[in-house]
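Engineer: A predicted structure for the sequence below; I have some questions about it.
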Amino acid sequence: VYITDGNGIYENAFQNCLNLTHVDISNNIAYIAPGAFSGCGGLTSIVLPFCGISLDISYSSSDSTFGVIFGTASYTNGTRYGCYYNNSTSSSYRKYYYLPTNLKNITINQGEIWNFFYSLTHITNITLGDKVLYVGGSAFYGCTALKTVVIGDGCTYIGASSFSGCTSLESVTIGKSVTYIGNQAFYNTLLLKNVYYNAVECADLNTSNSTFYRAGYTNGGLALTVGDGVKRVPGSLFYTSTSSSYLHKLTTVTFVGTTCTEIGTYAFYYSTSLTTLKLPNSITSVGRYAFDNCTAYTLNNYSNANYVPSTNNDYFVLYKATSTSITSCTLHASTVVIADYAFYDCVNMTGELTITAAVKYIGHHSFDDCDDMTSVNIQGNVLTIGDYAFYDCTYMTTINIPNSIEKIGMYAFNNCSRLSYTTLIENVYYLGNSSKPQLVVWKVGSTSITSYNIASSTRIIMPYAFYNCDDVTSALSLGSNLVYVGDYAFYG
């Protein structure tokens, strides 16, 4: 039955239609009465415009539940279920309805999904359309027969424990607009085989989130596909506790397309079954601990450093030093990205470090606290230097910054007490290189300056460069070559 027109579907409209197997109700329908499909024991699939009796019914009403349209009276091939509402699993907010026993496939096209499907143990396939905006906490908790879930591209929120305990779940598709995934959202999904992840810019998860704990734990392996259009893999997405009782079985990560630029902190931490992953060439940033303790995954090694490969470059990301005790490192010639914290606290690295010509991105804290490093020669093509990149490199005296530079982060050279400027003009200190010594405005010698001019060749004004220079009264010309002004550069 396909219902496309009309004001609504009224009480007992399809009562005892025993041979009815499929119902598809258009989004044009604004109302479905309680018990409208009572006695429809032959139903195997249904497409609904919303959950409950109308799109605007409050989740605090028992009329918002999935079961309400099937009524409270018993019938042949009907199974009695307690349906919850008011975002609670208390018996005070549970009402019993008879649902068709063979109803396995459910599509909801609009609205918000709260805990309306909590512990409905007979449904196998759930599709949430592109106009479903929200999946609440425990929405499908304990749906032990559920095998496939498709979350459409309009949903922004997946709540805590929303699919936790769905022990038969095999496939999950996460839509493009998801920006939040709650604690234990897919916990204990023991048979999970495939996660199709399409969220463009989901926020980082907390390390306590345990989103995929025990996912795929009893099958042959879990595969993650990162879709075309995804810009970042959020921090802690597949984070796992060191306890063996929480391990998931993620074995394979595949990137479709070249839109992803960032792998977040702890993204795959302790994914001990991971064996197959090659990053896309679009990656510009890899967070701290992203691949730590992935004991089955082989990092490539070269000159005291470990590397994560891309699809065509075995040394694409310099992930981290093999030990904080190393005294030197020669970067591989094909390296493009230096990950966050790659050489953090490598206090024994001495002499000059050469950043090879293929490198474009130097991560946050990448050389933080490399006390004995005396000089840095950045060749060719670096575009960004991250926050705290060379923080506390107290013996560094010189750094060569290439003409390609487009951004330098917060405190990148703070506490580099021996670092020499390339040029000093009107009490403004510059960093750069031999051909363009005024490439970067680093800092001022005194906040008491009353005027200054920025060199026409300058591309970068670093964060806090003129912070609290409140005596300046003259007009300022920034020049046509400027590409980046850092945070708080002219504050005060």
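Structural biologist: That came in fine, so what should we check first? Numbers count the residues shown, from 1 in each chain.
Engineer: Just after the longest strand seen in the chain, pick out the following helix or strand.
Structural biologist: Ranked by residue count under DSSP state E, the longest strand found in the chain is strand 125-135. Proceeding N to C from strand 125-135, the next assigned helix or strand is strand 148-151, under DSSP states H and E.
Engineer: Within its sheet, name the partner strands of that next one and how each one runs.
Structural biologist: strand 125-135 (parallel), strand 171-174 (parallel) (DSSP bridges).
Engineer: Contacts for the last one next, please.
Structural biologist: Taking contacts as C-beta atoms under 8 Å, 6 or more residues apart in numbering, the residues outside strand 171-174 that touch it are 147-151, 158, 163, 181, 186, 189, 192-199. All C-beta spots, glycine's among them, are computed from the backbone N, C-alpha and C.
Engineer: shaky segments in the chain?
Structural biologist: Applying pLDDT under 70 to the chain flags the ranges 244, 475.
Engineer: Let me know whether residue 185 touches residue 165 as I believe.
Structural biologist: No - counting by C-beta atoms under 8 Å, residue 185 sits too far from residue 165 to count as a contact (11.2 Å).
Engineer: next one: phi and psi at the residue nearest to residue 287 when sequence neighbours are not counted?
Structural biologist: Once flanking residues are discounted, residue 287 sits nearest to residue 265: 3.4 Å by C-beta to C-beta, 6 or more residues apart in numbering. Dihedral pair for residue 265: phi -60, psi 130, per degrees, to the nearest 10.
Engineer: what do you get for residue 63?
Structural biologist: phi -80, psi 0.
Engineer: what number of residues lie near it?
Structural biologist: When counting by other C-beta atoms under 10 Å, one arrives at 17 neighbours for residue 63.
Engineer: Now it. Nearest residue, chain neighbours left out?
Structural biologist: residue 53 (4.7 Å).
Engineer: In which helix or strand does that neighbour reside?
Structural biologist: Assigned by DSSP H and E, residue 53 belongs to no helix or strand.
Engineer: Can you tell me the number of residues neighbouring it?
Structural biologist: So residue 53, with other C-beta under 10 Å, has 22 neighbours.
Engineer: same check, this time on residue 336
Structural biologist: 21.
Engineer: re earlier: can you flag which of the contacts of strand 171-174 belong to strands?
Structural biologist: Counting by DSSP E, the contacts of strand 171-174 place 148-151, 158, 181, 194-197 in strands.
Engineer: Quick check: the farthest pair among those residues?
Structural biologist: With distances taken as C-beta to C-beta, the most widely separated pair in these is 148 and 181, at 18.2 Å.
Engineer: which of the two has more neighbours?
Structural biologist: Counted by other C-beta under 10 Å, residue 148 and residue 181 do not tie: residue 181 has more neighbours, with 27 against 16.
Engineer: With adjacent residues omitted, what lies nearest to that one?
Structural biologist: If the residues on either side of it in the chain are set aside, residue 181 comes closest to residue 158, at 4.8 Å by C-beta to C-beta, 6+ apart.
Engineer: With residue 351 instead?
Structural biologist: residue 374 (5.9 Å).
Engineer: Mind listing residues that contact the helix or strand hosting that neighbour?
Structural biologist: Taking DSSP H and E as the criterion, residue 374 maps to strand 373-378. Applying C-beta under 8 Å, 6+ apart, the external contacts of strand 373-378 come out as 349-355, 359, 362, 367, 390, 393, 395-402.
Engineer: count of neighbours near the residue nearest to residue 287?
Structural biologist: By other C-beta under 10 Å, neighbour count at residue 265 equals 20.
Engineer: quick one: it and residue 288 touch, right?
Structural biologist: Yes - the pair residue 265 / residue 288 is scored as a contact, 5.1 Å apart, by C-beta under 8 Å.
Engineer: Mutual contacts of the two, please.
Structural biologist: Going by C-beta under 8 Å, 6+ apart, residues that sit against residue 265 and also against residue 288 are residue 340.
Engineer: which residues touch residue 434?
Structural biologist: By C-beta under 8 Å, 6+ apart, the contact list for residue 434 reads residue 400.
Engineer: Out of the strands paired with strand 148-151, the one nearest residue 438 is which?
Structural biologist: The nearest among these, by C-beta to C-beta, is strand 171-174 at 47.9 Å.
Engineer: rewinding a little: pull up the pairing partners for the strand holding residue 374, direction included.
Structural biologist: By DSSP bridges, strand 373-378 pairs with strand 351-355 (parallel), strand 398-400 (parallel).
Engineer: Would you mark the buried spots in the last one?
Structural biologist: It refers to strand 398-400. 399-400 (16 or more other C-beta atoms under 10 Å).
Engineer: Any idea how far the longest strand of the chain is from the middle of the chain?
Structural biologist: Distance, stretch centre to chain centre, for strand 125-135: 20 Å (C-alpha atoms, centre = their mean, to the nearest Å).
Engineer: For stretch 233-243, give me every contacting residue.
Structural biologist: Contacts of stretch 233-243 (C-beta under 8 Å, 6+ apart): 181, 197, 199, 202-207, 209-213, 224, 226, 246-248, 250, 260, 262-272, 287, 293.
Engineer: nearest to residue 230, of the strands paired with strand 373-378?
Structural biologist: Taking C-beta to C-beta, strand 351-355 is the member of the strands paired with strand 373-378 nearest to residue 230, at 28.5 Å.
Engineer: Can you select the buried ones from the contacts of strand 373-378 in PyMOL?
Structural biologist: Buried residues within those, by 16+ other C-beta under 10 Å, are selected in PyMOL with:
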select buried, resi 349+353+355+359+362+367+390+393+396+399+400+401+402
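Engineer: Could I get the full set of strands for the stretch 251-400 of the chain?
Structural biologist: 262-263, 276-277, 285-286, 300-302, 305-308, 317-321, 337-338, 351-355, 361-362, 373-378, 384-385, 398-400 (DSSP state E, counting those that start in this stretch).
Engineer: what's the most buried one of those?
Structural biologist: Highest mean neighbour count among these (mean count of other C-beta atoms under 10 Å): strand 337-338, with a mean of 28.
Engineer: and it, what does it pack onto?
Structural biologist: For strand 337-338, the contact count by 3 or more C-beta pairs under 8 Å, 6 or more residues apart in numbering; DSSP states H and E identifies strand 317-321, strand 361-362 as packing neighbours.
Engineer: So what's the gap between it and the chain middle?
Structural biologist: 19 Å.
Engineer: What pairs with that strand, parallel or antiparallel?
Structural biologist: Paired strands of strand 337-338, with direction, are strand 317-321 (parallel), strand 361-362 (parallel) (DSSP bridges).
Engineer: thinking again about what came up before, so can I have a markdown table of the strands paired with strand 148-151 showing mean neighbour count and distance to residue 92?
Structural biologist: Formatted as a markdown table, the strands paired with strand 148-151 follow (neighbours: other C-beta atoms under 10 Å; distance: least, C-beta to C-beta, whole Å):
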| stretch | mean neighbour count | distance to residue 92 |
| --- | --- | --- |
| strand 125-135 | 21 | 23 |
| strand 171-174 | 21 | 31 |
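Engineer: Of all these, which one is nearest residue 412?
Structural biologist: Nearest to residue 412 among those is strand 171-174; the distance by C-beta to C-beta comes to 35.2 Å.
Engineer: Using PDB, write out every CA atom in that closest one.
Structural biologist: What follows is strand 171-174 as a C-alpha-only set of coordinates in PDB (Å, rounded to 0.1, in the frame of the first residue of the first chain):
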ATOM      1  CA  SER A 171      26.400  -2.800   9.000                       C
ATOM      2  CA  VAL A 172      26.100   0.900   9.900                       C
ATOM      3  CA  THR A 173      26.000   3.900   7.600                       C
ATOM      4  CA  ILE A 174      26.600   7.300   9.300                       C
END
